[in-house]
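Asker: Below are the sequence and a predicted model for it; my questions follow.
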Amino acid sequence: MALSLLVLLGGCSGAEQADAPAVATLQSAAAPSSAAAKAGTERPIVPIDATEEDIKVIAQPWVACLAKRGGPDYQDEDAWQWFRKGFDGTDPVMKACLAKMPETQQDVLKRTDMAAFKDNQREFYQCAKREGYKLTAPDPVTGEFGLTSIGPNGDANSAEWQKCEREAFAS
C-alpha cells in the first residue's frame with residue numbers, strides 16, 4: 001500500500017511541469033487572516049511586559065469614553081486602572097465603552113483558548129512554587145491560583161511573581 005502511494009505521488013512530481021503550458025492566474029491581494037480581520041473589533045491588549053505608563057496610554061481611549069458617557073463619576077484620574085477589576089456586565093457606561101476597555105493577554109487567552117491558558121497557568125504556578133510563594137491549589141478548570149500568604153518574596157506585584165507570569169505567558 002505504501003509503495004503504491006509513493007508511485008502515485010511520484011507521478012505528481014514536478015519533473016514534467018517545465019513542459020506544461022503556463023496557467024494564467026488572477027493576482028489579487030491575499031485574504032486577511034482571521035486575526036487581522038478581527039483587529040477592528042478586538043479590545044486593546046495590554047502586553048504582559050507593559051509598564052504602568054504603557055497601560056495608562058493604552059487605556060486613554062477607554063477612559064475618554066467613560067468620561068464622555070458617564071460624566072463626572074467616571075472622570076477619576078486613576079480610571080485607567082479600572083480595567084483590572086473586570087466588568088460584570090451591569091454598568092451601562094462600562095457596557096457602552098467595552099470595545100475600548102483594555103484587556104490583558106491572559107484574559108484574551110482565557111476567553112479564546114482555555115487549554116492554552118491552563119497550560120500557561122500551570123507553568124506560572126510551577127515557577128511561583130519554585131520561587132517560594134505559598135499558593136492555593138490551582139482551579140481544576142482554569143488552572144488559576146492565588147497566594148495563601150505574603151512571604152519574603154512579596155505579593156502579586158513583586159518582581160519575582162511578575163517574572164514568573166511573564167515567562168509563562170510569553171511562550
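Answerer: Sure, I can see it.
Asker: Not counting residues beside it along the chain, what's closest to the residue nearest to the spatial centre of the chain?
Answerer: Against the mean C-alpha coordinate of the chain, by CA atoms, centre = their mean, the closest residue is Gln105 at 2.7 Å. Take Gln105 and drop its neighbours on the chain: the residue closest to it by CB to CB, 6 or more residues apart in numbering is Ile48, 5.3 Å away. In this view, the C-beta of every residue, glycine as well, is placed from N, C-alpha and C.
Asker: can you check Lys134 too?
Answerer: Using CB to CB, 6+ apart, the closest residue to Lys134 is Thr148 (4.5 Å).
Asker: which secondary structure elements does the helix or strand containing Cys164 contact?
Answerer: Per DSSP states H and E, Cys164 falls inside helix 159-170. Applying 3 or more CB pairs under 8 Å, 6 or more residues apart in numbering; DSSP states H and E, we find helix 159-170 packed against helix 105-112, helix 114-130.
Asker: gap between the longest one and the chain center?
Answerer: Yep, that's helix 114-130 we're talking about. Distance of helix 114-130 from its chain centroid, counting by CA atoms, centre = their mean, to the nearest Å, is 14 Å.
Asker: do the same with stretch 67-84
Answerer: 24 Å.
Asker: quick one: average confidence on that stretch?
Answerer: Taken as a whole, stretch 67-84 has a mean pLDDT of 75.
Asker: so where do the helices sit in this structure?
Answerer: 2-10, 34-38, 52-70, 92-96, 105-112, 114-130, 159-170 (DSSP state H).
Asker: Figure out which of those is closest to Pro152.
Answerer: Of all the helices of the chain, it is helix 159-170 that lies closest to Pro152, at 10.0 Å by CB to CB.
Asker: quick check: domain ranges of the protein?
Answerer: 42-106, 114-170 (automatic domain parsing).
Asker: Spit out the contact partners of the residue nearest to Lys134.
Answerer: Applying CB atoms under 8 Å, 6 or more residues apart in numbering to Thr148 gives the contacts 134-136.
Asker: and if you look at Glu53?
Answerer: Counting by CB under 8 Å, 6+ apart, Glu53 has no contacts.
Asker: sorry, back to before: with respect to the domains of the chain, which exhibits the lowest mean confidence?
Answerer: Among those, domain 42-106 scores lowest, with a mean of 84.
Asker: Thank you, goodbye.
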